[in-house]
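In: the following block contains a protein sequence and its predicted model.
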Amino acid sequence: MLNRRILFLAVAAFWAPSSGRTINGLESAFFQNVQAKAFLVNDDTLGGCAQTFPAVAADGSGGFVMAWADQRNGHYGNWGDGYFYRGNDVYFQRFDEGGSPLGPNRKVNEGAGNLARNSKHSVSIAANRSGRFVIAWEDVRGNPDLNQDIFFQIFNAQGNALGPNQRANEADAGFSQYAPAVSMDQNGGFVIVWGQYGPDYQDPGILFRRFDAEGNPLGGNQNAPAGGGTLWIWTDGPCIAVDGSGRFAIAWVGRIDEGSTPDICFQRFDASANPIGPNRTANDTTVWAEPASPSIGMNGHGDFVIAWLDSRNHSGEDVDYYDVYFQQYDSSGQAAGGNRTALGDTGSEGQYHPTVAIGDDGRLAIAWNDNRIDRSQSDAYFQRYDGEGHALGGSVKAGAAGENSSQTASQLVIDSAGGFIVVWEDDLNGKVNTDVFCQRFDAEGNAREACRRANDDSGSADQTRPAVAMAGNSGFIVAWTDERNSFQDPFLTYDIFFRQYDAKGNPMGPSRQVNEEISKIRDSTNPAVASDADGNFVIAWTDNRIHSWDIYCQRFDASGQALGSNEMVNTGGNYDSEERSPAIAMNSRGDYVIAWMSSQAWDSGICFQRFDSDGHRIGANRESGYGSGGDLPSVVMDESGRIALAWYVNAYYDINGAVTLLSEVFVERFDAEGKSLGRSQRANDVANGPRGAPSLAMNRAGEFVAAWQDRRNGKNEVYHQLYDSNGNPLGTNQKSERRRRNRRAVSARGDPR
């Protein structure tokens, strides 16, 4: 399922007046009784997802290639802290010498969403003059401890992968590798450098490994800092540059003596990876300057330049405003003059994330992010310099002037003609829908064409948490949570959408939004939907437009037209309470009931509200008879208006000095006026668990069945319990098992073949 879209399976036409309840938190939904193939429910082409961390490399003919982290495939993964995060893939795009894209975006990493999250430097790319390139990234695949490794992929000049993804680092149990940087020589050999830390961020280090043009390792991991002594490493990512003969230099933030201040450290290496001299520092300040974010560029002759962030001009101020500094070196490693500052703003505004490149003629360019225009956002700027480090003109904004968007994570590379390409991350299409842009400049700093978006995805917003209800006209309704409008907001928001289908699975119009525009739902929620015999239906969901979380509903007629406006189901104005997990049931004549979990402080319970077929409330909110606790209710209703509720309770109790988890599924019945028909009763007939996610189904006469997830046997299984119309259990719990059909072929006479 790409982009977490909602897929549906065409179904045999039938109608049952049950709840339409979606199972707890399903990430993709398929309806059974299959008679056709799956089809896409959501029809969005707008909306989007984040593309971040762009990197760029140029070949020798004026072409270039960009790589970045991309969320278009919508994978989610658990990275060890109990929460699920939207995973990234790595994509790239090639461009010809005229700046036109060569084919579509292409995915780099094998598998789904392996790119490590929350990195500042998760993707790196390098190319040689023949157009061969390599991409490196952080990856968590196959790591039982969920520590990331560094992977790479080699491509030929046509963009075809040469072999599979490969791990760059040697296995090192308990350590995480982060922030890869790669550089390639003219023969296609390359070096990858990265940061490393152990458990609890202890034992940090800077490691590198060399590879030949085919990706074969030339030795194992090596430490970038040379020699012994006290070598403190900061967590900023390292950087690397290689010259035409294979010599290279690595820079990082650290400390190489007993002092207390960090420095921009670097070490040069010959083509065989032997250190050239001792570790050195690039910054020459003696005051606290908190240098950070180093970048290094090297030309084919071995001349190189290091750029970094530096706060020396704002020492002693309440806020450390950074400026961009750089230091030039010749091919022998001799410094050319002292530290220089790039021409940024003249006041106390910050510059961030510098990247530097140097051409064979010694001219260099530096790009960075700058908030001199608006402190609430940053822009991509660049500055050109001659071989002596003298500025060529002033600093220039790379993106289109006047755009009300923020450009971050900029990078720069010099092309074969002495021009350069600047790439950046841009929220022009929404704060949570960042795209990656690029713009080419000639050797004089003039834009060669307008800036261009590199990623080509569309309609890549997530659609999740589907719910379905059969309608009396033999059609059905699918509702879901949708992120397509989130790109308009500075934070991730959700809406509730639905789409109607006829009995053959043909859509009856486009998908439509349920919640009103005033609502900006801040948390992904499970909607619930139910329909009557005429095809009228109601959708319920969790909404935070007024209080923390409330339950809202919306009625629709059989044509999908809204009847009235969104209505808050729970009553009272308590800002501290949370109402979540709605469930809904409707009988054939259109009466309906909505149940939900209500919590305040440490107390929670299951509430419900009944409505007649015109949407009028029948009585006030009511609560189940169980004392406290409970979540994820399910609800059903018969033709007379009687209802049944099911929910689960997980609670820890001190029993004879031992803390014990009691995990139960409860059911309770109510009459048409909402009065309890006896106390709630436990559905599960054994105590050992845990268990949860109950679901109910009821026929017109009021007989019903409760089903739930159960671990009484040490693994997830589904159990159910039957009840008669008076709520009496029929027999004991039964494990629900898939029945195998007899698939033997039968001849026209009925004889097995």
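Out: Ah, there it is. Numbering: from 1, shown residues only.
In: would you map out the domains in this structure?
Out: 51-453, 465-735 (automatic domain parsing).
In: looking at the ones you listed, spot the one closest to N42.
Out: Closest approach to N42 among those (CB to CB): domain 465-735, 5.7 Å. Every C-beta, even on glycine, is put in place using the N, C-alpha and C of the backbone.
In: does N716 really touch Q709, like I thought?
Out: Yes - the criterion here is CB atoms under 8 Å, and N716 meets it with Q709 at 5.8 Å.
In: when those two are compared, which one has more neighbours?
Out: Higher neighbour count among N716 and Q709: Q709, with 19 against 10, using other CB atoms under 10 Å.
In: can you give me phi and psi for the more buried one?
Out: The phi/psi pair for Q709 (degrees, to the nearest 10) reads phi -80, psi 140.
In: quick check: it vs P729, distance?
Out: Distance of Q709 to P729, given as CB to CB, to the nearest Å: 19 Å.
In: do the same with G509
Out: Note on G509: its distance to P729, by CB to CB, is 44 Å.
In: quick one, which of these two is more surrounded?
Out: P729 (16 against 11).
In: can you tell which of the domains of the chain is closest to L40?
Out: domain 465-735 (9.9 Å).
In: just the terminal-to-terminal distance for that closest one.
Out: Length of domain 465-735, first residue to last, CA to CA, to the nearest Å: 26 Å.
In: run the chain-centre distance for that domain.
Out: Offset of domain 465-735 from its chain centre (CA atoms, centre = their mean, to the nearest Å): 28 Å.
In: what mean pLDDT does it have?
Out: Taken as a whole, domain 465-735 has a mean pLDDT of 89.
In: show the contacting residues for G641.
Out: Neighbouring residues of G641 by CB atoms under 8 Å, 6 or more residues apart in numbering: 587, 591, 610, 671-672.
In: how about 7 Å then?
Out: G641 makes contact with 587, 591, 672, according to CB atoms under 7 Å, 6 or more residues apart in numbering.
In: same question for F498.
Out: 477-479, 511-512, 514, 529, 539.
In: now those residues: which count as buried?
Out: Listed as buried from the contacts of F498 are 477-479, 511, 514, 529, 539; burial here means 16 or more other CB atoms under 10 Å.
In: could the contacts of G641 go into TSV alongside distance to S519 and secondary structure?
Out: Below are the contacts of G641 laid out as TSV (distance: CB to CB, whole Å; DSSP: H, G, I helix; E, B strand; the rest coil):
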residue	distance to S519	secondary structure
N587	28	coil
D591	26	coil
A672	32	coil
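In: pick the one among the residues you listed closest to T341.
Out: Using CB to CB, the contacts of G641 come closest to T341 at D591, 73.9 Å.
In: that closest one: neighbour count?
Out: Count around D591 with other CB under 10 Å applied: 21.
In: hang on, it packs against D614?
Out: No - under the criterion of CB atoms under 7 Å, D591 makes no contact with D614, lying 9.6 Å away.
In: so what's the gap between stretch 216-223 and the chain middle?
Out: Distance of stretch 216-223 from the chain centroid (CA atoms, centre = their mean) equals 33 Å.
In: what's in contact with that stretch?
Out: For stretch 216-223, the surrounding residues in contact (CB under 7 Å, 6+ apart) are 169-170, 205-212, 273.
In: how about it: buried residues?
Out: Result for stretch 216-223 [16+ other CB under 10 Å]: buried residues 217, 221-222.
In: please save the CA atoms from it in CSV.
Out: The C-alpha coordinates for stretch 216-223 follow below in CSV (Å, rounded to 0.1, in the frame of the first residue of the first chain):
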residue,chain,number,x,y,z
ASN,A,216,34.9,-3.5,-2.6
PRO,A,217,36.2,-2.3,0.7
LEU,A,218,39.9,-1.4,0.9
GLY,A,219,40.5,-2.4,4.5
GLY,A,220,38.2,-2.0,7.5
ASN,A,221,36.9,0.9,9.5
GLN,A,222,39.6,3.5,10.4
ASN,A,223,39.6,6.3,12.9
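In: now that stretch: mean pLDDT?
Out: In this model, stretch 216-223 has a mean pLDDT of 95.
In: list the contacts of T732.
Out: Contacts of T732 (CB under 7 Å, 6+ apart): D685.
In: oh sorry, the question was meant for N313
Out: D323.
In: going forward, begin numbering at 530 instead of 1
Out: With the count now opening at 530, the last piece we talked about shows up as N842.
In: any idea of the pLDDT on it?
Out: Note on N842: pLDDT of 79.
In: returning to what we had before: mind putting the domains of the chain into TSV with distance to V570?
Out: Listed next are the domains of the chain as TSV, based on distance: least, CB to CB, whole Å:
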stretch	distance to V570
domain 580-982	15
domain 994-1264	5
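In: wait, which of those domains is closest to T574?
Out: Nearest to T574, of all those, is domain 994-1264, at 8.9 Å by CB to CB.
In: check which element follows the helix or strand hosting N1150 along the chain.
Out: N1150 belongs to strand 1146-1152 when assigned by DSSP states H and E. Downstream of strand 1146-1152, the next assigned helix or strand under DSSP H and E is strand 1160-1166.
In: show me where the stretch 680-829 of the chain has strands.
Out: For the stretch 680-829 of the chain, strands defined by DSSP state E, counting those that start in this stretch occupy the ranges 695-696, 705-713, 719-726, 734-740, 751-752, 761-762, 768-771, 777-784, 792-798, 804-810, 821-827.
In: so which of those strands is nearest R601?
Out: Of all those, strand 705-713 comes closest under CB to CB, at 21.9 Å.
In: how about that closest one: buried residues?
Out: 705-713.
In: give me the neighbour count for the closest residue to N617 other than its chain neighbours.
Out: Using CB to CB, 6 or more residues apart in numbering and skipping the chain neighbours, the partner closest in space to N617 is L644 (3.6 Å). L644 has 27 neighbours, counted by other CB under 10 Å.
In: measure L644 to R1084 for me?
Out: The value you get for L644 to R1084, if CB to CB is used, is 44 Å.
In: just P709 next, same as before
Out: In terms of CB to CB, P709 sits 54 Å off from R1084.
In: can you pull out the strands in the stretch 930-1079 of the chain?
Out: Remark: strands assigned in the stretch 930-1079 of the chain by DSSP E, counting those that start in this stretch are 936-943, 949-955, 964-970, 981-982, 992-999, 1005-1011, 1024-1030, 1041-1042, 1057-1060, 1066-1072, 1079-1085.
In: mind listing residues that contact the third one?
Out: It stands for strand 964-970. By CB under 7 Å, 6+ apart, the list of residues contacting strand 964-970 from outside reads 580, 583, 585, 595, 597, 628, 927-928, 948-955, 957-958, 976-978, 980-984.
In: repeat that for 6 Å
Out: 580, 583, 597, 628, 927, 948-955, 958, 976-977, 980-984 (CB atoms under 6 Å, 6 or more residues apart in numbering).
In: return a ChimeraX selection command for the buried portion of those.
Out: Here is the ChimeraX command that selects the buried residues among the contacts of strand 964-970 (16+ other CB under 10 Å):
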select :580,583,597,628,927,948,949,950,951,952,953,954,955,958,980,981,982,983,984
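In: show me the contacts for R635.
Out: Residues near R635 by CB under 6 Å, 6+ apart: F621.
In: and what of F1066?
Out: 1006, 1060, 1085.
In: quick check: closest non-adjacent residue to it.
Out: Using CB to CB, 6+ apart and skipping residues adjacent in sequence, the residue nearest F1066 is S1060, 4.0 Å away.
In: surely that neighbour and A1000 touch.
Out: Yes - look at S1060 against A1000 with CB atoms under 6 Å: they come within range, at 4.2 Å.
In: compare those two (neighbour count), which wins?
Out: Shown here are S1060 and A1000; by other CB under 10 Å, S1060 has more neighbours (30 against 24).
In: show me the contacts for S774.
Out: Contacts of S774 by CB under 6 Å, 6+ apart are A800.
In: mind putting the contacts of G1170 in a markdown table, distance to R658 included?
Out: Below are the contacts of G1170 laid out as a markdown table (distance: CB to CB, whole Å):
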| residue | distance to R658 |
| --- | --- |
| N1116 | 74 |
| D1120 | 75 |
| A1201 | 81 |
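In: what's the closest of those to R1220?
Out: Nearest to R1220, judged by CB to CB, of the contacts of G1170 is N1116 at 28.6 Å.
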